[in-house]
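1. sequence first, predicted model second:
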Amino acid sequence: MRKLIGIILLTIIAAGISLSLKEIPFGIPKTIIGNHFINKGIEETGAINIVTSVVVGYRSFDTLGEITVLFTAAIGLGALFSLYKNKKTVIYKEPASLIVYTGCRFLFPIIVLTGIYIIIHGHLTPGGGFQGGAIIASAFLLMYLGCTGKRINYKLSTIAEAVGGLTFITLGIVGLITGKDFLFNFISKGEPASLMSAGIIPLIYMAIGLKVGSELTGIIDNLIEKSQ
């Protein structure tokens, strides 16, 4: 049965690759798409960070898939650990060293602010929602390691994750309605290289940063709880 399922999946993948290859205009230089992004990216998206214009502009629907993968992983991990909720075990919590404890107290707000800065300036400098969200999650990891006994508010974390996801989907649907494309830029692009530029891209990154940060923090919370 496994072999049959494997053959079917390989057949589907092979068929998809074959169909996609038919759409590739062979004979045209492969750099034509890259040149378009470089030459027209700022004009079409308003973001001076070309990588940003590609990730949440030209292939924004793919970014939605990446967020879905992370969401699925977080849900799966939470479901797996929920099986052990009712098992009572005696946990010895080793106190953190002075260096880690001091870092928890003083570095936590700095790390969070750095993550927020990277999220907000993703359309101007290297960074964005994924990177900023991961940095924010690392601040909570430091909190767990250094400030023994402190935990996140699970309800607020869930709300933040839901708000981030709903904001991303809402922006995509509004763009679909107004411009016939998912996450179509429906507001002014502003002046390139300024903070208030790139249309909805900063809003997208804020939504992604909120969702990624809360999901990764939730994963860390589950792992710390079961490993202490």
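-> Good, I have the coordinates.

2. excluding its backbone neighbours, what's nearest residue 57?
-> Distances taken as Cβ to Cβ, 6 or more residues apart in numbering put residue 45 closest to residue 57, at 4.5 Å, once the chain neighbours are dropped. Placement of C-beta: from N, CA and C, glycine included.

3. surely the one you found meets residue 189?
-> Yes. Judged on Cβ atoms under 8 Å, residue 45 makes contact with residue 189 at a distance of 7.0 Å.

4. circling back to that earlier point, count the neighbours of the residue nearest to residue 57 for me.
-> Residues near residue 45, counting by other Cβ atoms under 10 Å, number 26.

5. one step back: who touches both of residue 45 and residue 189?
-> In the contact map built from Cβ atoms under 8 Å, 6 or more residues apart in numbering, the residues linked to both residue 45 and residue 189 are 198-199.

6. related to what we said a few turns ago, for the residue nearest to residue 57, give me its contacts.
-> Residue 45 makes contact with 52-53, 57-58, 185, 189, 198-199, 201 under the criterion Cβ under 8 Å, 6+ apart.

7. try residue 119
-> 127-129, 131-133, 205-206, 208-209.

8. what ranges do the helices span in the protein?
-> Secondary structure of the chain (DSSP state H): helices located at 2-22, 32-45, 50-53, 60-81, 98-120, 129-146, 154-179, 201-227.

9. can you lay out the ones you listed as a markdown table showing mean pLDDT and distance to residue 194?
-> As requested, those are exported to a markdown table (pLDDT from 0 to 100; distance: least, Cβ to Cβ, whole Å):
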| stretch | mean pLDDT | distance to residue 194 |
| --- | --- | --- |
| helix 2-22 | 67 | 38 |
| helix 32-45 | 83 | 12 |
| helix 50-53 | 87 | 14 |
| helix 60-81 | 78 | 22 |
| helix 98-120 | 90 | 13 |
| helix 129-146 | 91 | 19 |
| helix 154-179 | 87 | 20 |
| helix 201-227 | 85 | 11 |
